[in-house]
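Undergrad: sequence first, predicted model second:
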Amino acid sequence: MNYVVIVSHGNLALGLHDTLGMFVNNNEQLKSIGLQNGEDVDSFASRADKLIEEFNEDDHIILLADLIGGSPLTTFMNCLGKKNLLSNTKVMGGVNLAMGLNAVLMKDSFDMVCDMALKEAKESVKELEINISNDEEEI
């Protein structure tokens with residue numbers, strides 16, 4: 001089975017999980033976990049271990065994180081390592097809605113998922129130019 005797991009500081013992962021549920025029906029393969037304010041890493045690791053209990057070495061995991069190198073990601077990766085699941089895991093940082101949506105939709109194309117999700121994530125981040133025209137004439 002292919003899973004998409006979102007990890008973050010606070011409730012970002014949970015909120016993104018909820019939002020992705022508006023676009024996709026199969027939430028069983030979408031998991032999320034956030035390191036809560038004041039929570040110690042051991043407690044977070046315990047919750048992460050519980051989240052991945054059902055994963056096995058034949059599964060593929062697409063791991064999306066808010067920050068590369070942050071405690072939620074490094075702790076979660078340590079938990080995956082204890083179960084020998086890192087060899088079938090792809091990791092991306094800087095998660096946003098476009099990345100998450102592409103990861104969920106492309107999860108069965110495991111070898112291509114990072115290229116597509118990262119491309120879409122980067123293209124979705126830009127400044128919107130607002131052109132305001134003043135067509136009204138002064139009286």
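TA: Here it is on my side, so go on. From a predicted model like this one, the values you see are computed outputs, not experimental measurements.

Undergrad: burial measure for residue 131, as a count.
TA: Number of residues near residue 131 (other CB atoms under 10 Å) recorded here: 4. Using the backbone N, CA and C atoms, a C-beta is placed for each residue, glycine as well.

Undergrad: pLDDT on stretch 78-89, on average?
TA: Averaging pLDDT along stretch 78-89 gives 97.

Undergrad: first vs last residue of it, how far apart are they?
TA: End-to-end distance of stretch 78-89 (CA to CA, to the nearest Å): 12 Å.

Undergrad: how far off centre is it?
TA: Averaging C-alpha positions (CA atoms, centre = their mean, to the nearest Å) puts stretch 78-89 17 Å from its chain's average.

Undergrad: may I see the buried residues of it?
TA: Buried residues in stretch 78-89, counted by 16 or more other CB atoms under 10 Å: 79, 80, 85, 88, 89.

Undergrad: for the third one, give me phi and psi.
TA: So that's residue 85. phi -110, psi 0 (degrees, to the nearest 10).

Undergrad: then the last one?
TA: According to degrees, to the nearest 10, the main-chain angles of residue 89 amount to phi -120, psi 140.

Undergrad: so it sits right up against residue 59, yeah?
TA: No: assessed by CB atoms under 8 Å, residue 89 is found out of contact with residue 59, at 9.2 Å.

Undergrad: in TSV, list the buried residues of stretch 78-89 along with distance to residue 39.
TA: Formatted as TSV, the buried residues of stretch 78-89 follow (distance: CB to CB, whole Å):
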residue	distance to residue 39
79	15
80	19
85	23
88	28
89	23
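
Undergrad: show me where this protein has its strands.
TA: With strands called from DSSP state E, the chain shows them at 2-9, 30-35, 60-65, 89-93.

Undergrad: can you list those in a markdown table and add distance to residue 21?
TA: Formatted as a markdown table, the strands of the chain follow (distance: least, CB to CB, whole Å):
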| stretch | distance to residue 21 |
| --- | --- |
| strand 2-9 | 12 |
| strand 30-35 | 8 |
| strand 60-65 | 15 |
| strand 89-93 | 20 |
